[in-house]
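In: Below are the sequence and a predicted model for it; my questions follow.
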Amino acid sequence: MNSTLVQNLLLHLARLGVQEVCVAAGARNTPLITALLACPGLKVWHFFEERCAGFFALGRIIMERRPVAVVTTSGTAAAELLSAMIEAYYQALPLIAITADRPSSYRGSGAPQAIEQVGLFGVYAGRTLDMEAGREVVWPTALIGKPLHVNICFDEPLVGDIQGIDFSAWAGDSDSPAVAKHEMREVLERFLAKRDELVVLAGGLHPQEAALLQPALIKLGVPIIAEATANLTDPALQALLVRGGEKALKALNPQRVLRLGCVPSWRWWRDLEDRRGVHVMHLSNASFPGLASYQSVAVQPLALLAEALISAPSKEGMIADYRVEVASKLNMLVESHPLSEVAWMQHVGEVIPPGAPLFLGNSLPIREWNLAGRTSGACFANRGANGIDGLVSTFYGLSEGAAESWMILGDLSALYDLAAPWIAEQLSPGNRRIVIINNGGGKIFSRVESLRKLDDAARTLIENRHAIDFRPWAELWRMDYRLVVKPEDLAGLPAGDVIVEVRPDAAQTEEFWAAWA
């Protein structure tokens, strides 16, 4: 019985285009594990715990743009994938959670390793398939923008002769995402016509998506406020890119917004809920408008912009003046506060080699990099559902195959994923630099105006202030460690994996933000 179930599962995974599986082993998923190890053309990564496995899989999906499966044993092991499934849901990534289970007769019994696994991920699984001997399930033909949960019930005995299949025979056979709806093109073209009112907000674009959209954005010729993860690197676009984020949006005060890719995190965006006069059009391969009560047209595929008919670009005028003003002020503040957190983004960017991918942790690092960071390589980040879960694990998934890769994250984010380097010895050789901006707690909360009014006791608790350093973490995983307190300390990093702990100057950081406001 187990053999038939496993063969059916493997066949459908191959048809969906799976070429990599992350396994967190236990007794209940033994039938599947033995079969996976017997599958030519399939890469099997192994983990001792499930949360890192799930986020590592997300990193592989982001980089390779194909489904990746994660296999758990039964019980609460399955629940450890919830945060990764939530992230996959909001990033529209085809993560497949495969949870081994005891036979369905144990459900509701409270027997060991028997919890209610079907429906465990709620809305965050686009579909849930409950596989058991004698039960038929209907598999999707493709995974487009939704995670999938496969719950598979194994009975005793768990060890037997279960064969694998050749995954290489199915490589590249999965269906491709649907193309843009042609009937929406005219709506978009009318929306883009009033360019004097228009600003583009961009973020969370894979480099291939960015390459598809850049010619249209050049033709459009309107201001673009982009997060680093927009990956808009065409030199012809640089005159349109406006730094400053929140500050720039307030200054430009657009009446039309074309949102490309992920939902922005800026306060200005959230305030659109109460600004009915601003018209928004959303182009994204995820289906979320990012606004609760305010939206115009339903979210449309990114490819729609590439298909739109766009005339010659408008004049730059005020855009150029504002860009010079922002750049001048930013450069002056970085030069006068060289050890502030924002300045450190510039210092780190100067030592990242050309073409090396960069993964930015959530919270302050991504906002500060958007201001002052520079790199020629692709830039990625988790949306994080506004959290910091699994960031180092996602970075390791992204880094596979790169000669050199970089990550910048905060200290609490690193503490949240201490088990992540487990996978390092299974990866291809490469220089992986994990830069931790250690400011002694969650200092992003000090940027929230309402929280700044709290007394010191409350802020200490909210910010989770600490005096931890990261040398012991590097020693635990036998990685090199570098403490960095001045920019020249970044030079000459050793080959291989290195923990780079940056200690910014707290006073200079406060002075920078006060002057930038």
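Out: Structure's in. What do you need?
In: okay, and the helix or strand of the protein with the least pLDDT?
Out: For the chain, the helix or strand with the lowest mean confidence is helix 456-463, at a mean of 77 (criterion: mean pLDDT, DSSP states H and E).
In: Next secondary structure element downstream of it?
Out: Counting by DSSP states H and E, the next helix or strand C-terminal to helix 456-463 is helix 471-476.
In: So which bits of that next one are buried?
Out: 473, 474 (16 or more other C-beta atoms under 10 Å). Heads up, the C-betas are built off the backbone N, CA and C, glycines and all.
In: quick one: residue 106 and residue 115 touch, right?
Out: No: here residue 106 does not reach residue 115: they are 9.6 Å apart, not a contact under C-beta atoms under 8 Å.
In: If you count surrounding residues, which of the two has more?
Out: residue 115 (19 against 16; other C-beta atoms under 10 Å).
In: Touching, residue 250 and residue 268? I think so.
Out: Yes: using C-beta under 8 Å, residue 250 is in contact with residue 268, at 6.5 Å.
In: Comparing the two, which residue is more hemmed in?
Out: residue 268 (20 against 13).
In: what's the helix or strand harbouring the more buried one in contact with?
Out: For residue 268, the element it lies in under DSSP H and E is helix 267-270. By C-beta atoms under 8 Å, 6 or more residues apart in numbering, the residues outside helix 267-270 that reach it are 201, 246, 249, 250, 263, 290, 291.
In: Which other helices and strands does the following helix or strand past that helix contact?
Out: Remark: after helix 267-270, the chain's next helix or strand is strand 279-283, criterion DSSP H and E. Using 3 or more C-beta pairs under 8 Å, 6 or more residues apart in numbering; DSSP states H and E, the elements in contact with strand 279-283 are helix 185-192, strand 256-261.
In: pull the CA atoms of the helix or strand following strand 279-283 into PDB?
Out: Using DSSP H and E, the helix or strand that follows strand 279-283 in sequence is helix 303-307. Output of helix 303-307 as PDB, limited to C-alpha atoms (Å, rounded to 0.1, in the frame of the first residue of the first chain):
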ATOM      1  CA  ALA A 303       3.400  41.000 -18.300                       C
ATOM      2  CA  LEU A 304       0.500  43.300 -19.100                       C
ATOM      3  CA  LEU A 305       2.900  46.300 -18.900                       C
ATOM      4  CA  ALA A 306       5.300  44.700 -21.400                       C
ATOM      5  CA  GLU A 307       2.300  44.300 -23.800                       C
END
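In: what ranges of this protein fall below the confidence cut-off?
Out: Filtered on pLDDT under 70, the chain yields the residue ranges 171-183, 293-297, 312-321, 386, 443-452.
In: So this structure: which segments form each domain?
Out: 2-170, 182-319, 337-516 (automatic domain parsing).
In: Between those domains, which one is closest to residue 327.
Out: Closest of the domains of the chain to residue 327 is domain 182-319, at 6.8 Å (criterion: C-beta to C-beta).
In: Mean neighbour count, the helices and strands packed on strand 279-283: which tops it?
Out: Comparing the helices and strands packed on strand 279-283 by mean neighbour count (mean count of other C-beta atoms under 10 Å), strand 256-261 ranks first with a mean of 23.
In: Tell me which strands it pairs with, and in which orientation.
Out: In the sheet, strand 256-261 lines up against strand 198-203 (parallel), strand 279-283 (parallel) (DSSP bridges).
In: quick one, which of the ones you listed is packed in tightest?
Out: It is strand 198-203: most buried of the strands paired with strand 256-261 by mean count of other C-beta under 10 Å, with a mean of 24.
In: Show me how far that one is from its chain's centre.
Out: 19 Å (C-alpha atoms, centre = their mean, to the nearest Å).
In: Dump it to PDB, restricted to CA.
Out: C-alpha atoms of strand 198-203 as PDB (Å, rounded to 0.1, in the frame of the first residue of the first chain):
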ATOM      1  CA  LEU A 198       1.800  59.200 -12.300                       C
ATOM      2  CA  VAL A 199       4.500  57.600 -10.100                       C
ATOM      3  CA  VAL A 200       5.700  53.900 -10.300                       C
ATOM      4  CA  LEU A 201       6.200  52.000  -7.100                       C
ATOM      5  CA  ALA A 202       8.300  48.800  -7.700                       C
ATOM      6  CA  GLY A 203       9.700  46.000  -5.500                       C
END
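In: which other residues reach that strand?
Out: Residues contacting strand 198-203 (C-beta under 8 Å, 6+ apart): 192, 217, 220, 222-227, 229-230, 232, 249, 252, 254-262, 264, 269.
In: Give me the buried subset of those residues.
Out: 192, 217, 220, 222-227, 229-230, 232, 249, 252, 254, 256-262, 264, 269.
In: Quick check: beta-bridge partners of residue 484?
Out: residue 502.
In: from here on, count from 703
Out: Okay, using 703 as the starting number, the last item reads as residue 1186.
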